[in-house]
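[1] model this:
(one chain, ligands or ions: 1)
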Amino acid sequence: MTMKCDVLTLFPDIIRPVLEQSILKRAREKGLLEVAVYDLRDFTEDRHRTADDHPYGGGAGMVLKPEPIFKAVDRIRSCGESLRLILTSPQGRRFTQSVAREFGRETRRLVFICGRYEGVDERVREGLEVEEISIGDYVLTGGELPALVMMDAAVRWVPGVLGDPESAEADSFAASLLDYPQYTRPAVFRGFGIPAVLTSGDHEAIRNWRRRQALENTLRKRPDLFDEVDLTDEDRQWVEDLRKETGGR
Ligand code: SAM
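    Next up is the predicted model:
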């Protein structure tokens, strides 16, 4: 399957270089990711290619005009494929690993609308059946970084993109669990060694150690996630022992 994306932006040059690197580049080369970047100024009609204007009611800053966005969406729609329209917005539903998975398995084209300045004319939200998605509770200058963040996280779920098909499943959050700690060579660095089990060659022991480290990591760093973890009886016992050992800390 191919994840198909369109990005509508006033700053296409923020998007394009990132598509030329690493996983996003390789996924595109393998035909697993397709991204079309549209400059919203190409959908304006005046001599100055105006895509933004002052807000009605006054106030600071500029607002993205609705016409170029509607026109760009009409152009993409005219290809006949069904679309899922995403309006990047700090006011939207929070982007999480489960939304990334959902996007990575999406059969419709994902159309990312990147806002700028004070945001996007409200009629885009009212008239285009967009989903507002936020990448976190902070305000960025534009929707380009959020669109890139979402494409990067989503493409990892497209079968064939990661070398090991289990990698995405093993990443943090996939099972409400943070990842276990990773080590690579050298075995001793500035006096710090590595856990002996990792060089024991005992795969069962390594698997158990990793599971426990992931549980401990989640418990310590993100206790809010821990209630969602699917625990085995063995996990429960181990967590109870850990809590006793650390006095509930
Ligand atoms: N005035 C707007 C508000 O408070 O909701 C913020 C506008 S922001 C400076 C400009 C654009 O950046 C937004 O329209 C949106 O496309 C994007 N943006 C900013 N923060 C974002 C976030 N956390 N998640 C997704 N998009 C964001």
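
[2] use CA for all of it now, contacts and neighbours both
    Noted.

[3] what helix or strand does residue 13 sit in?
    Assigned by DSSP states H and E, residue 13 belongs to helix 12-19.

[4] Counting by contacts, list what the helix or strand just after that helix packs against.
    In the C-terminal direction, the helix or strand that comes right after helix 12-19 (DSSP H and E) is helix 22-29. Applying 3 or more Cα pairs under 8 Å, 6 or more residues apart in numbering; DSSP states H and E, we find helix 22-29 packed against strand 33-39, helix 144-155.

[5] and the gap between the closest residue to residue 143 other than its chain neighbours and residue 213?
    In space, not counting the residues next to it along the chain, residue 143 is nearest to residue 114; the distance is 4.0 Å by Cα to Cα, 6 or more residues apart in numbering. Remark: distance between residue 114 and residue 213 (Cα to Cα, to the nearest Å) = 39 Å.

[6] do residue 133 as well
    Taken as Cα to Cα, the spacing of residue 133 relative to residue 213 amounts to 32 Å.

[7] Have a look at those two and say which one is more surrounded.
    Summary of the neighbour comparison: residue 133 and residue 213, criterion other Cα atoms under 10 Å, with residue 133 having more neighbours (22 against 16).

[8] Now the phi/psi pair for the closest residue to residue 1 other than its chain neighbours, please.
    The spatial neighbour of residue 1 that comes closest, neighbours along the chain excluded (Cα to Cα, 6+ apart), is residue 32 at 6.3 Å. With angles defined as degrees, to the nearest 10, residue 32 shows backbone torsions of phi -100, psi -10.

[9] Residue 32 reaches residue 3, doesn't it?
    Yes. Under the contact definition of Cα atoms under 8 Å, residue 32 touches residue 3, with a separation of 6.1 Å.
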